[in-house]
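Trainee: Let's see this in three dimensions:
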Amino acid sequence: MAGDLEKREKEYLIRIVEEYIRTGEPVSSRQVSNIYGVDLSSASIRNIMLALTERNFLEQPHTSSGRVPSDKAYRVYVDDQFSRTGGKEKEEWKDRFFSEKETLNATNVLKENLKMLSDATHCASLASEPDARFQVLKSVEFFQLSEKQVLVVVITEAGIVKSHQVSWLSPFDQLALENLGKNLTDFLRGKTVQDFQTGFLKILADEKMAKEGEQFTQAVHMGKKALALENETTLIFQGRNYMLAWPELKKQSNITAIYQEMESGSELFQALQQEEDLNRAYCKIGQEINLENFSNCSLVAANYGSQKAKLGTIGILGPKRMNYFRMANLVETVSKIVSSYFR
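Mentor: Next up, the predicted model:
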């Protein structure tokens, strides 16, 4: 997209976007000419702005007003911003978090960091909970509820607990269940949920497993039921009230629609699904989010995970008129903090 622009056009487009982010008002050629370092007259700048408008980089809200950036202009600006590197604020965030890290479980790690992210950016923050498929298994335990009802409790290395009640034809006593849990834990420790699910038949065919007996085979079946890969789309939010102060979302109907979209979560979850390297920020601007109610918003997010495996995504929702460079730095820093917890 930036390839459509001459070097000078791109330079002035970026200055116009920066001025609009600073003021929140349509930008005139006279304003641009007053920016430090500008070496063109108002008339020359006006011609550049006209050309940018004709190519849909700028929009003119009213006939006599200045110009405002389009989503297309923001994309040029963001790509330019994301090519830079971060600064001091990253280290401040690391120091702020690590002193409290040991007392938090996985869900609270996300909630605490989202709260800090919202307070630092005055934007809504959100995260998808860890993807169960890539969780590394730590232990499997079985508890007798009745003669043929068993509660399976699975704990992952990241502290995620998953439980499931299953029925079985053969009765179990608690001592047998404890031994089965110990044996299955030894067998599965270090494997991911996905490893277990995709290799289920291979596990059943394993010679070592066959020696464990019929009850162990049943325990594996119960574990499989407990670790069924549901299509969950759980999102965690913090700082949604900051959205009430955005001039772009003054209309109550917009806020209500956005809150409703957040409550359902499923479509917004899809907007987070972008394959990028871990801890590397990416951005979706306005229409790129592909949700009508968020057309005046931007999403800056990064994937977090462990050992190069993506577990989830963390990010912020803010107005398009934001400091993308700072937001990207903070989101990347938080994703690294969360990733370090899961490692």
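
Trainee: Please report the distance of the closest residue to Val136 other than its chain neighbours from Leu311.
Mentor: Sequence neighbours aside, Glu157 is the residue nearest to Val136 in space, at 4.3 Å (criterion: Cβ to Cβ, 6 or more residues apart in numbering). C-beta: built from backbone N, CA, C; applies to glycine. Here Glu157 is placed at a distance of 11 Å from Leu311 (Cβ to Cβ, to the nearest Å).

Trainee: Tyr20 too?
Mentor: Look at Tyr20 and Leu311: by Cβ to Cβ, they are 36 Å apart.

Trainee: again, but for Leu175
Mentor: Note on Leu175: its distance to Leu311, by Cβ to Cβ, is 36 Å.

Trainee: of those two, who's got more company?
Mentor: Set side by side, Leu175 and Leu311 show more neighbours around Leu311, with 24 against 9, by other Cβ atoms under 10 Å.

Trainee: what helix or strand is that one on?
Mentor: Assigned by DSSP states H and E, Leu311 falls within strand 309-319.

Trainee: one step back: might you report the residue contacts of the residue nearest to Val136?
Mentor: By Cβ atoms under 8 Å, 6 or more residues apart in numbering, the residues touching Glu157 are 135-138, 342.

Trainee: So for stretch 311-320, mean pLDDT?
Mentor: For stretch 311-320, mean pLDDT rounds to 92.

Trainee: can I see the domain layout of the protein?
Mentor: Residue ranges for the domains of the chain, per automatic domain parsing: 2-81, 88-129+232-342, 133-226.

Trainee: which SS state does the nearest residue to Lys320 once chain neighbours are set aside fall under?
Mentor: Nearest-residue entry for Lys320: Ser298, 5.0 Å, with adjacent residues in sequence omitted and distances by Cβ to Cβ, 6+ apart. Here Ser298 is recorded as strand under DSSP: H, G, I helix; E, B strand; the rest coil.

Trainee: all helices of the stretch 101-250 of the chain, in order?
Mentor: Assigned by DSSP state H, counting those that start in this stretch, the helices in the stretch 101-250 of the chain fall at 106-121, 174-188, 193-198, 200-205, 207-211, 214-226.

Trainee: Make a markdown table out of those helices and add mean pLDDT.
Mentor: Below are these laid out as a markdown table (pLDDT from 0 to 100):
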| stretch | mean pLDDT |
| --- | --- |
| helix 106-121 | 89 |
| helix 174-188 | 81 |
| helix 193-198 | 74 |
| helix 200-205 | 59 |
| helix 207-211 | 56 |
| helix 214-226 | 69 |
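
Trainee: Check the contact between Ala309 and Val136; I expect there is one.
Mentor: No: the pair Ala309 and Val136 fails to qualify as a contact (Cβ atoms under 8 Å) at a distance of 9.1 Å.

Trainee: Quick check on these two: which one has the bigger neighbour count.
Mentor: Shown here are Ala309 and Val136; by other Cβ under 10 Å, Val136 has more neighbours (19 against 16).

Trainee: Relative to Val32, how far out is that one?
Mentor: Separation of Val136 from Val32 (Cβ to Cβ) stands at 54 Å.

Trainee: top of the contacts of Glu157 by neighbour count?
Mentor: Going by other Cβ under 10 Å, Gln135 tops the contacts of Glu157 with 25 neighbours.

Trainee: Skipping adjacent residues, who's closest to it in space?
Mentor: Distances taken as Cβ to Cβ, 6+ apart place Thr156 nearest to Gln135, at 3.9 Å, with adjacent residues excluded.

Trainee: Kindly report the same for Leu110.
Mentor: Leaving out its chain neighbours, the residue that sits closest to Leu110 by Cβ to Cβ, 6+ apart is Ala127, at 4.8 Å.

Trainee: Quick check: bridge partners of that neighbour?
Mentor: Bridge pairing for Ala127 (DSSP bridges) gives the partners Ile236, Ile314.

Trainee: surely it meets Ile316?
Mentor: No: between Ala127 and Ile316 there is no contact under Cβ under 8 Å: 10.1 Å.

Trainee: how far off strand 309-319 does the lengthiest helix in the chain point, in degrees?
Mentor: For the chain, the helix with the greatest residue count under DSSP state H is helix 324-342. Helix 324-342 runs at 150 degrees relative to strand 309-319, counting by axes from the mean of the first three to the mean of the last three Cα atoms, to 10 degrees.

Trainee: Only C-alpha atoms, please: export helix 324-342 in PDB.
Mentor: C-alpha atoms of helix 324-342 as PDB (Å, rounded to 0.1, in the frame of the first residue of the first chain):
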ATOM      1  CA  TYR A 324       0.500   3.000  17.900                       C
ATOM      2  CA  PHE A 325       4.200   2.900  18.600                       C
ATOM      3  CA  ARG A 326       3.700   3.100  22.300                       C
ATOM      4  CA  MET A 327       0.800   0.700  22.300                       C
ATOM      5  CA  ALA A 328       2.700  -1.900  20.300                       C
ATOM      6  CA  ASN A 329       5.700  -1.700  22.700                       C
ATOM      7  CA  LEU A 330       3.400  -2.200  25.700                       C
ATOM      8  CA  VAL A 331       1.500  -5.100  24.200                       C
ATOM      9  CA  GLU A 332       4.700  -6.800  23.100                       C
ATOM     10  CA  THR A 333       6.100  -6.400  26.600                       C
ATOM     11  CA  VAL A 334       3.000  -7.800  28.300                       C
ATOM     12  CA  SER A 335       2.900 -10.800  25.900                       C
ATOM     13  CA  LYS A 336       6.500 -11.600  26.800                       C
ATOM     14  CA  ILE A 337       5.700 -11.400  30.500                       C
ATOM     15  CA  VAL A 338       2.800 -13.700  30.100                       C
ATOM     16  CA  SER A 339       4.800 -16.100  27.900                       C
ATOM     17  CA  SER A 340       7.600 -16.200  30.500                       C
ATOM     18  CA  TYR A 341       5.000 -17.300  33.100                       C
ATOM     19  CA  PHE A 342       3.900 -20.200  30.900                       C
END
